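Undergrad: okay, predicted coordinates and the sequence, questions at the end:
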Amino acid sequence: MNCPYCNKEMAPGTIQAPDSHANYWLPDNTKSSDIGILLSRKSVEKCGGVVLGELRKVGFLSSKRPASYYCKNCRRLLTTL
């Protein structure tokens with residue numbers, strides 16, 4: 001895949017998380033503490049966040065990680081959902 005910013009080749013990979021937990025993205029105006037005690041897809045999305053990948057039925061563990069591409073030239077990371 002070529003970088004949409006500089007058109008150089010991007011390296012494929014995945015975003016990893018410690019202990020197989022799922023990663024999530026939050027908007028700038030939101031803190032992790034806004035999610036509350038129970039971390040779930042619903043609690044992340046309620047804060048305007050997005051869970052990256054697919055979750056297992058039990059807990060907040062990742063079952064599948066989304067494809068990501070890193071541009072060494074621009075230092076940009078693109079992730080598909």
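TA: Cool, the structure landed.
Undergrad: for residue 71, which non-adjacent residue is spatially closest?
TA: Nearest non-adjacent residue to residue 71, counting by Cβ to Cβ, 6 or more residues apart in numbering: residue 3, 4.1 Å away. Every residue, glycine included, has its C-beta placed from N, CA and C.
Undergrad: where along the chain do the helices fall?
TA: Ranges of helices in the chain, per DSSP state H, are 41-46.
Undergrad: so the residue nearest to residue 71 versus residue 11, what's the distance?
TA: Distance, residue 3 to residue 11, by Cβ to Cβ, to the nearest Å: 10 Å.
Undergrad: quick check: neighbours shared by the two?
TA: The contact sets of residue 3 and residue 11 overlap at 69, 71 (Cβ atoms under 8 Å, 6 or more residues apart in numbering).
Undergrad: neighbour count winner among these two?
TA: For residue 3 versus residue 11, neighbours defined as other Cβ atoms under 10 Å are more numerous around residue 3 (17 against 10).
Undergrad: give me the number of residues near the closest residue to residue 9 other than its chain neighbours?
TA: Once flanking residues are discounted, residue 9 sits nearest to residue 2: 6.2 Å by Cβ to Cβ, 6+ apart. Residue 2 has 11 neighbours, counted by other Cβ under 10 Å.
Undergrad: quick one: pLDDT of residue 2?
TA: pLDDT, residue 2: 97.
Undergrad: that one contacts residue 8, doesn't it?
TA: Yes. Assessed by Cβ atoms under 8 Å, residue 2 is found in contact with residue 8 at 6.7 Å.
Undergrad: now find how far off-centre stretch 17-36 is within its chain.
TA: The chain centre lies 9 Å from the centre of stretch 17-36; the measure is Cα atoms, centre = their mean, to the nearest Å.
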